[in-house]
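Q: Compute the structure for the input listed below.
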Amino acid sequence: MEIIQETIDYREKFTEFFKSFQDRNGNFKYRDAIAQMASLGKTSLVIDFEDLMSYDANLAKELKERPEAVIQRANLAITDVMRTVNMNYAIKVKEFRARFRKLDEVIPLRALKASLINKLIMVEGIVTRTSFVKQLIKIAKFQCPLCREKFEIEQTGTILVSPVQCPNPDCRRKGNFRLLTEESVFVDWQMMQLQERPEELPPGRLPRSVDCILQEDLVDTIRPGDRVYIIGILKARQDASKMATFSSFIDVNYIEISEKGLEEIEITPEDEKAIIELSKDPLLYQKIFSSIAPSIYGYEEIKEAIAYQLAGGVPKVMPDGVKVRGDIHILLVGDPGTAKSQLLQYVARIAPRGIYTSGKGSTAAGLTATVVRDKTTHEFFLEAGALVLSDKGYACIDEIDKMRSEDRVALHEAMEQQTISIAKAGIVVQLNARTSILAAANPTFGRYVPQRSIAENLSDLPVTIISRFDLIFTLMDRPEEAKDRAMSEHILSLHQGVSSAKSPPISPDLLKKYFYYVRKNIRPVLTDRAIKKIEEFFLEMRKKGEGSDSPVPITVRQLESIIRLSEARAKLALKKEVTEE
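A: Reported below is the predicted structural model:
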């Protein structure tokens, strides 16, 4: 009797909450939202946990502790309110869903322990695989073959529960009842896998992942590579029949795609003030370039290029729908021991969404995406690779020349169109790969031969890939006493721990926030004089590239590269226009 009274209270409390809660402007937030559901064709109501917390902290606490019972009563409360505002829609839909967003804490995937089973939790991660959409039976209608009696059994899990005995008192037949699929109730069902974000992974650890079940209007709302917040009930399922071990999964209540693009970096008003102050510094460019990879000696031009890459150009969508990328791609070609890998690893660390991978161990599937079959369910899943996982971020690919040619082909589409197209095992999909690529390669002859062209020194890389890079740098290790002395002193001081490895002009934390700020907020436009200057420079490059001995063919791609680099330089100074300078 006590349980019945308690559940009635939940329903009444939610009904009262939906009817009476007002936002800061005095609007009846949820009553109005329920009234609009019919015109929008919605069956779910999204509720901010913060609103519930401010209205009734005990109810919010009960929601987290006993989500199954509380959410069920919240669903009924939506129906109760709907009956008062639109009876016809309430009769038509029959069952509404309460979906809760933004809980008061995010649980790391590594912290999903037994104590959280059957609790409402909020987790964050990256979608690595999604299954086909299937239909899950919710109410199964059976028929007795002997007396023809029809009866329903509500299904709560993924395993069909069959009747043991006919409910007809005159029959009482046991076993082998016919399932009437045409009279049963089904809902859409999809499984996805959520994995820890690469930048949160502890060094040397494998990423943790958890299976998530999506149902009804949540299916097909996400794709591999999406970074999402998930609110759901952590549940346990038996690994195999009669096994004492159980695996956990999340029964998803609400899913929200993180729209921030770059990883969330909190910029306070003090940070913004420091960023604007820094942008006015007359030595701004020198300070930014000197602050990039300060432990690596020299390479001023490469560090400048990396700064432009981290700032990025301005992506554009033409009137006919054609997209022009704003991301800048850089290739470093050089002798062994010229700090190429260290530069790549530095960018992967400082970039908001950086992933470091080596071409030697990367396949086309590992870089782009692939279709895999689950060992237990035998279902096909779409699994995202490095370029998809670093969408709106940076992919640092070391030893790109060591990749097999058939794997390298996968880069063509990703570098220019910034998408990954998959057509395998009946799955045809296009995934986003809006990624800036910083790649490193060793010359074909072991060391770079200046007398030969870039294409000859990189005969392992096809010209179609080389031409997609906006900037290509050659790093040559040649004996030069003055330079070698300065470099050896720099390296020795680092090993000694002496601060002649001076602290950089801009702290790493502020530098990261600076790049995040310019990439997110600054969208410079080209002035007429800048356009004229770029045009003259391109025509001059084109003229020089006419000869058969031209290292790389000069195409319209190079014109777009110049535009992107010009925009990136303007962005670094927080300028609204690209000037002639």
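
Q: which regions of the stretch 101-250 of the chain lie under the pLDDT threshold?
A: 199, 203-204, 239-244 (pLDDT under 70).

Q: Quick one: the strands in it, in order.
A: Using DSSP state E, counting those that start in this stretch, the strands of the stretch 101-250 of the chain run over 120-131, 134-143, 150-154, 178-179, 185-195, 209-215, 227-238, 246-257.

Q: repeat for the stretch 351-500 of the chain
A: 354-358, 369-373, 380-384, 394-398, 419-424, 427-432, 436-441, 471-475.

Q: List the residues that contact Glu50.
A: Neighbouring residues of Glu50 by CB atoms under 8 Å, 6 or more residues apart in numbering: 102, 104. Where you see a C-beta, it was placed from the backbone N, CA and C, and this is true even at glycine.

Q: next one: Ser341
A: 398, 440.

Q: Phe381 - how many residues pack around it?
A: By other CB atoms under 10 Å, 21 other residues sit near Phe381.

Q: again with Phe96
A: Neighbour number of Phe96 under other CB under 10 Å is 22.

Q: likewise Ile437?
A: Ile437: 24 neighbours (other CB under 10 Å).

Q: ok, it touching Gln418?
A: No - in this structure Ile437 lies outside contact range of Gln418 using CB atoms under 8 Å: 10.3 Å.

Q: now stretch 103-118, how far from the centre of its chain.
A: 21 Å (CA atoms, centre = their mean, to the nearest Å).

Q: Go through it and flag the buried ones.
A: 103, 107, 109, 112 (16 or more other CB atoms under 10 Å).

Q: how about CSV for the residues you listed, with distance to Glu152 added?
A: Output for the buried residues of stretch 103-118, formatted as CSV (distance: CB to CB, whole Å):
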residue, distance to Glu152
Leu103, 35
Ile107, 37
Leu109, 38
Leu112, 35
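
Q: Who are the contact partners of the nearest residue to Val525 once chain neighbours are set aside?
A: Ranked by CB to CB, 6 or more residues apart in numbering and with sequence neighbours excluded, the top spatial neighbour of Val525 is Glu577, at 5.9 Å. By CB under 8 Å, 6+ apart, the contact set of Glu577 is 524-527, 530, 570.

Q: Could you do Ser291 as well?
A: 504-508, 511.

Q: can you check Gly312 too?
A: Counting by CB under 8 Å, 6+ apart, the residues that Gly312 touches are 326-328, 436, 519, 564, 568, 571.

Q: any idea which of those residues is the one closest to Phe473?
A: The closest of those to Phe473 turns out to be Ile328 (CB to CB; 12.8 Å).

Q: Next, count neighbours for that closest one.
A: Number of residues near Ile328 (other CB under 10 Å) recorded here: 24.

Q: Would you convert the contacts of Gly312 into CSV that also reports pLDDT, secondary structure and distance to Leu40?
A: What follows is these, written out as CSV (pLDDT from 0 to 100; DSSP: H, G, I helix; E, B strand; the rest coil; distance: CB to CB, whole Å):
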residue, pLDDT, secondary structure, distance to Leu40
Gly326, 84, coil, 34
Asp327, 85, coil, 36
Ile328, 87, coil, 41
Ser436, 86, strand, 38
Arg519, 82, helix, 34
Arg564, 87, helix, 40
Ala568, 88, helix, 41
Lys571, 87, helix, 39
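
Q: Out of those, which is nearest to Glu536?
A: Nearest to Glu536 among the contacts of Gly312, with distances taken as CB to CB, is Arg564, at 17.7 Å.

Q: Not counting sequence-adjacent ones, nearest residue to that closest one?
A: Gly313 is the one closest to Arg564 (CB to CB, 6+ apart), at 3.2 Å.

Q: List phi and psi for the one you found.
A: phi -90, psi -160 (degrees, to the nearest 10).

Q: For it, list the residues it contacts.
A: 325-328, 563-565, 567-568.

Q: again, only this time at 6 Å
A: In this structure, Gly313 makes contact with 326, 564, 567-568, judged by CB atoms under 6 Å, 6 or more residues apart in numbering.

Q: again, but for Tyr254
A: 99-101, 231.

Q: out of the contacts of Glu577, which is most surrounded?
A: Going by other CB under 10 Å, Ala570 tops these with 26 neighbours.

Q: Which of the helices or strands spans it?
A: helix 556-572 (DSSP states H and E).

Q: quick one: low-confidence ranges for the stretch 301-450 of the chain?
A: 359-366, 369, 373-380, 406-407, 424-427.

Q: Go again with 50.
A: For the stretch 301-450 of the chain, no stretch has pLDDT under 50.

Q: what separates Lys520 from Gln143, distance-wise?
A: Note on Lys520: its distance to Gln143, by CB to CB, to the nearest Å, is 60 Å.

Q: Quick one: neighbours of Ile78, just the number.
A: Using other CB under 10 Å: Ile78 sits among 26 other residues.

Q: ugh, wrong one, Leu214
A: For Leu214, using other CB under 10 Å, the count is 24.

Q: Skip the chain neighbours and tell me the closest residue to it.
A: Gln190 (4.5 Å).

Q: go on, Ala441?
A: Asp401 is the one closest to Ala441 (CB to CB, 6+ apart), at 4.0 Å.

Q: Which elements pack onto the helix holding Ala570?
A: helix 300-311, strand 577-578 (3 or more CB pairs under 6 Å, 6 or more residues apart in numbering; DSSP states H and E).

Q: which residues are in contact with it?
A: By CB under 6 Å, 6+ apart, the list of residues contacting helix 556-572 reads 308, 311, 313-314, 328, 467, 470, 518, 522, 524, 534, 538, 578.

Q: In JSON lines, list these along with distance to Lys61.
A: Shown next, in JSON lines, are these (distance: CB to CB, whole Å):
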{"residue": "Tyr308", "distance to Lys61": "50"}
{"residue": "Ala311", "distance to Lys61": "46"}
{"residue": "Gly313", "distance to Lys61": "49"}
{"residue": "Val314", "distance to Lys61": "47"}
{"residue": "Ile328", "distance to Lys61": "49"}
{"residue": "Ser467", "distance to Lys61": "60"}
{"residue": "Asp470", "distance to Lys61": "54"}
{"residue": "Val518", "distance to Lys61": "43"}
{"residue": "Ile522", "distance to Lys61": "44"}
{"residue": "Pro524", "distance to Lys61": "49"}
{"residue": "Ile534", "distance to Lys61": "61"}
{"residue": "Phe538", "distance to Lys61": "64"}
{"residue": "Val578", "distance to Lys61": "54"}
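
Q: ok, so of those residues, who is nearest Ser279?
A: Val518 (8.6 Å).

Q: tell me the contacts of Gln143?
A: 150, 178, 180.

Q: any chance of the residues you listed in CSV, with distance to Phe14 and neighbour count too?
A: Output for the contacts of Gln143, formatted as CSV (distance: CB to CB, whole Å; neighbours: other CB atoms under 10 Å):
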residue, distance to Phe14, neighbour count
Lys150, 34, 14
Arg178, 39, 12
Leu180, 34, 13
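
Q: Sort out which one of the residues you listed lies nearest Arg452 for me.
A: Leu180 (75.4 Å).

Q: Domain boundaries for this protein, per the record?
A: 2-101, 115-257, 269-578 (automatic domain parsing).

Q: how far does the longest one stretch from start to finish?
A: In domain 269-578, first residue to last residue: 27 Å (CA to CA, to the nearest Å).

Q: The residue in the chain sticking out farthest from the centre - nearest residue in space that isn't next to it in sequence?
A: Ranked by distance from the centre of the chain (CA atoms, centre = their mean), the top residue is Asp170, with 59.4 Å. Residue nearest to Asp170 in three dimensions, not counting chain neighbours: Cys147, with 6.9 Å by CB to CB, 6+ apart.

Q: Many thanks, I have nothing further to ask.
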